[in-house]
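Asker: just need the structure, nothing else, for what follows:
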Amino acid sequence: MSLQSLSAQPAAPFNGVLNEQCQLLLSGIVVLLLLESATAVTLVWTYWPTSISQHTLLTWLGILAVMQVTRLFILIYYRRRLAAQQATPLCRRLLSGLALSTPLFIGLAGYLFNPLDTLFSPPMLSAQLICAGLGLGLSTIALAAYSSHFPTVFLYLIMLLGPTVARLAETQQQSPLSLVLLVPVLGIFFLVAAQRINRTGHQAMVLQASNRSLIDYLNRARSDAEALNEKLAQEIYDRKDARQRLQDTNDRLESMVQERTHALGETNTALAATSERLELALEASNIGLWDWILDTGRNYHTNFDRLLGYDSAYFKNFFGDLETLVHPDDLTRIRSAMVAHFKGLNSRYHAVYRLRHADGSWRWIEDEGRVVSRNKSGRALRMIGTRRDITDDRQAQEQQRLAATVFENAPEGIFILDHKFRFLAVNARFEQITGYSESLLIGRRILEEEEAQPNREIYLGITATLHDKGFWEGEINERRRNGETFPEWLQMSAVRDEQKRVIRYVGMISDLTSRKETEQQLLFLSNYDRLTGLANRTQFREHLHKSLTLARLNREKVALLMIDLDRFKPINESLGHEIGDRLLKAAAERMAQHAGGQESLARVGGDEFTLLLENHGGESNISQHCQKLINAIKKPFLIDGHELLLGASIGISLFPETAKEAQSMINQSDMAVYQAKRGGGNNFQFYRSNMRVASVEQLALETSLRKAIFKNEFVVHYQPKMDLASNSITSVEALVRWQHPTMGLLPPAEFIPLAEETGLISAIGELVLERSCRQAYKWYKQGLGDICVSVNLSAHQFRKGNVAEIVDRVLSSTELPPHLLELELTESLIMEDMEQNIELLQQLRTRGIELALDDFGTGYSSLSYLKRFPVDTLKIDRSFIMDLDKSPDDAAITRAIIDMAHSLKMNVIAEGVETEEHLSILRDMHCDSIQGYLISRPVPETELLELLHTQAYRKTMDN
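Answerer: Residues are numbered from 1 along each chain as shown. Down below sits the predicted model:
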């Protein structure tokens with residue numbers, strides 16, 4: 001071996017690696033030149049129909065084309081140079097620069113073609129997704145093509161993806177944190193991937209270069225040995241003349257033998273390492289290797305303990321003990337397969353059978369091998385093969401077969417799409433429903449189908465929902481292949497991989513044609529209310545059960561609103577059922593308008609309705625919805641010249657917060673409606689757990705209330721009213737209280753709503769009227785002044801139609817002058833049947849009785865009707881007085897009411913006066929009288945008598 005060859009050996013691997021790097025860079029540039037060109041054409045084609053200037057697209061494509069042609073000629077030149085001589089570091093740098101000449105320009109497309117105002121807009125979303133996909137695709141291919149030189153692949157990725165990241169950064173100016181985190185994370189991922197691929201490739205190139213160097217070295221050694229052998233033969237033939245040369249040749253031969261021995265040792269070491277790697281690979285792959293010597297029965301196997309749980313030394317002769325391990329049904333199959341291979345009928349032995357595991361379970365084993373040694377007579381002497389546990393594979397195959405069977409035999413049409421909504425598979429039922437065979441659909445996108453164009457907007461909405469939530473379901477109208485339209489129920493779900501990326505979409509369709517026809521028939525026969533056209537009780541319960549089922553599956557919430565119309569029954573009884581029916585229909589139409597349609601609204605009784613709110617936004621949203629319904633119902637209804645007023649009491653039950661099934665929701669909403677009515681109606685109540693207890697208590701309270709009338713447990717308190725002109729008490733308001741034997745003194749709010757529901761309010765009202773008039777007559781006879789007593793009349797008393805008779809009887813029995821009695825009424829009470837009620841009020845007024853309109857300003861009646869009401873006094877509601885000194889709006893409204901009342905020749909009383917500031921402001925506004933805690937709270941007759949005596953004494957002293 002020459003000194004020159006020895007000195008060249010250390011540099012050989014380096015030169016080989018450098019040459020491999022240049023060759024890989026050159027081939028990678030060729031591949032990416034084609035892919036980059038295809039990418040450029042695809043980008044221009046994709047953005048051509050968009051809002052991007054076509055001149056910009058053509059200019060960008062033209063510049064890139066010039067760059068690519070230039071690179072092509074340079075590549076041809078360098079390919080010839082590399083073929084003619086060894087690569088150099090300069091050559092590698094030039095190739096790296098050639099690879100990096102285009103990515104920045106291509107990456108600029110992501111910045112130029114996607115202006116900031118078009119990012120993620122629906123018209124540009126498809127093009128932007130294609131642009132992103134092409135960029136990531138080029139990045140991945142560059143990662144593999146340029147992996148031999150790490151700086152090249154790293155700079156390529158930075159230049160290609162940098163402009164797009166810069167564009168995205170502009171969208172995150174307000175909240176750059178997500179981008180600050182995204183860029184380093186993506187950079188680290190690409191950097192690690194590039195570094196790992198580069199390191200692996202570099203090791204492979206070093207190993208390949210070393211192998212080539214070793215092969216060259218062995219070839220040279222072999223050539224030298226052959227030359228030496230020839231010389232040795234020549235020297236033996238001519239021994240006398242070449243003894244000295246023979247000795248030299250022997251010395252050289254010994255040196256070569258030593259070198260070859262050393263090389264052989266290294267080869268053996270490499271073989272041992274290879275054997276070790278093979279064993280590790282077998283162990284890692286869960287495959288067992290077996291070697292069977294047939295004539296001795298000796299066998300060798302690996303991984304047997306891992307496959308079946310037995311110790312490696314447990315069996316002395318594995319194949320001799322198969323009968324103890326193999327399933328009885330499989331033993332014959334093993335023997336037949338092995339005998340067929342021994343006889344040469346099969347080139348390989350292959351069998352699948354069950355073996356008993358050490359834990360007692362059966363494991364499926366795939367056995368494969370072949371005879372590697374036979375004797376002269378053809379008898380097998382040695383056999384080698386592999387053994388693999390395929391239990392999990394068999395189970396997976398069975399599951400796949402089961403899934404395929406379900407897929408093909410499902411009663412619904414099933415289809416599978418890829419992540420770009422292209423058809424991958426459809427089942428037979430899908431073909432039956434739509435008329436499209438699988439061969440016509442595979443590879444085609446839904447939105448590209450001509451038949452899908454009428455539903456294009458729906459499909460775009462479905463795709464957007466799938467991207468956001470991963471699931472969509474609903475009913476749409478589709479078209480069969482023959483052009484026939486039909487209703488279908490569509491459900492689609494996104495299938496994601498381990499990285500949460502969408503890889504498939506699975507959909508199911510159900511033909512609703514027959515169901516729709518049946519539903520329409522049943523709808524007219526039994527499921528809809530004849531009067532209102534709304535769903536009836538049966539349909540409501542079905543809808544409720546369906547909503548709860550879907551809510552359980554989708555983990556959503558459902559609210560049941562039970563709506564009971566207030567004041568409908570007296571209208572229906574007094575004006576007749578025909579007007580009552582028309583009023584119900586008008587109320588249903590108004591509720592449907594504010595309920596978002598008739599789908600979830602139902603009439604379940606005479607004046608009872610239900611409304612289902614699915615997937616609601618919580619109690620606050622429900623409260624707003626209820627208030628809108630109440631406000632809508634409170635507006636007057638004009639029917640046959642009658643201006644009628646209704647109210648709405650709403651009870652709410654929530655799934656799954658308070659109820660888990662339909663009947664519980666119905667019961668709970670009924671209880672909540674009852675509580676809403678107890679609160680005076682025109683309000684809503686959510687069901688609470690304490691309502692059931694309250695209902696029991698209410699029942700007991702109702703029983704006590706009926707007895708209280710006969711036991712004379714009701715007492716009357718009086719709240720004074722002060723005339724601002726004389727600064728004296730001129731009238732009082734009679735307010736009833738219930739002296740309960742165990743619960744103490746109860747205010748009106750605790751029992752008046754119950755009394756109205758049970759009809760006891762008329763008896764209580766008559767009792768209060770009689771007792772108040774009798775007391776006022778005493779004050780009158782005692783010389784305490786002309787103290788007028790005000791008594792509230794309920795709507796129930798008015799509806800009975802005998803108010804005038806009752807007042808006449810009470811005035812006659814108590815001998816109270818009529819001008820000392822004032823009756824207080826509300827706007828809504830008068831508006832229920834305005835013409836009849838105005839006539840009644842005129843009768844009372846002709847008797848000399850004072851009439852006051854209570855809570856003025858809180859109703860819906862038009863101010864134009866006020867001049868028709870025969871009232872003497874307006875009472876301004878306390879809601880306008882409470883913030884009189886703080887709210888300019890309340891002050892303006894109060895002043896307007898006072899001025900308007902005075903212009904109509906009416907007196908004005910302000911309720912809820914509690915501070916001196918209130919009093920001062922009302923004096924300035926020329927209010928006639930005030931009532932409130934500033935003067936006195938409602939007090940018993942004895943305490944009021946003291947106030948009246950004190951007032952009479954002061955008048956006497958002043959005189």
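Asker: helices of the stretch 251-400 of the chain, start to end?
Answerer: Assigned by DSSP state H, counting those that start in this stretch, the stretch 251-400 of the chain shows helices spanning 304-308, 322-325, 328-342, 391-409.
Asker: and those helices as CSV, adding mean pLDDT, mean neighbour count and distance to Y111?
Answerer: (Glycine included, C-beta is placed from N, CA and C.) Output for the helices of the stretch 251-400 of the chain, formatted as CSV (pLDDT from 0 to 100; neighbours: other C-beta atoms under 10 Å; distance: least, C-beta to C-beta, whole Å):
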stretch, mean pLDDT, mean neighbour count, distance to Y111
helix 304-308, 70, 18, 55
helix 322-325, 74, 13, 67
helix 328-342, 84, 15, 65
helix 391-409, 73, 12, 45
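Asker: now do the strands in the stretch 301-450 of the chain.
Answerer: Using DSSP state E, counting those that start in this stretch, the strands of the stretch 301-450 of the chain run over 349-356, 362-374, 380-389, 413-418, 423-426.
Asker: list the helices and strands the first one packs on?
Answerer: Here strand 349-356 is seen to pack against helix 328-342, strand 362-374 when contacts are counted using 3 or more C-beta pairs under 8 Å, 6 or more residues apart in numbering; DSSP states H and E.
Asker: dump the ones you listed to TSV, plus distance to L550.
Answerer: Formatted as TSV, those follow (distance: least, C-beta to C-beta, whole Å):
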stretch	distance to L550
helix 328-342	48
strand 362-374	42
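Asker: which stretch among the ones you listed comes nearest S126?
Answerer: strand 362-374 (46.9 Å; C-beta to C-beta).
Asker: quick one: M591 from R537, how far?
Answerer: Separation of M591 from R537 (C-beta to C-beta, to the nearest Å): 16 Å.
Asker: if you could redo that for K781, that was the one I meant.
Answerer: Between K781 and R537 the computed distance is 61 Å (C-beta to C-beta).
Asker: ok, these two, which is more surrounded?
Answerer: Set K781 next to R537 and count neighbours by other C-beta atoms under 10 Å: R537 wins out with 16 against 9.
Asker: residue contacts, that one?
Answerer: Neighbouring residues of R537 by C-beta atoms under 8 Å, 6 or more residues apart in numbering: 602, 604-605.
Asker: assign a three-state SS to K585, would you?
Answerer: Under DSSP: H, G, I helix; E, B strand; the rest coil, K585 falls in the helix class.
Asker: pretty sure G369 contacts G385?
Answerer: Yes. G369 lies in contact with G385 (C-beta atoms under 8 Å); the separation is 1.9 Å.
Asker: mutual contacts of the two, please.
Answerer: Common neighbours of G369 and G385, counting by C-beta under 8 Å, 6+ apart, are 290, 292, 349.
Asker: adding pLDDT, write the residues you listed out as a markdown table.
Answerer: Listed next are those as a markdown table, based on pLDDT from 0 to 100:
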| residue | pLDDT |
| --- | --- |
| W290 | 78 |
| W292 | 80 |
| Y349 | 88 |
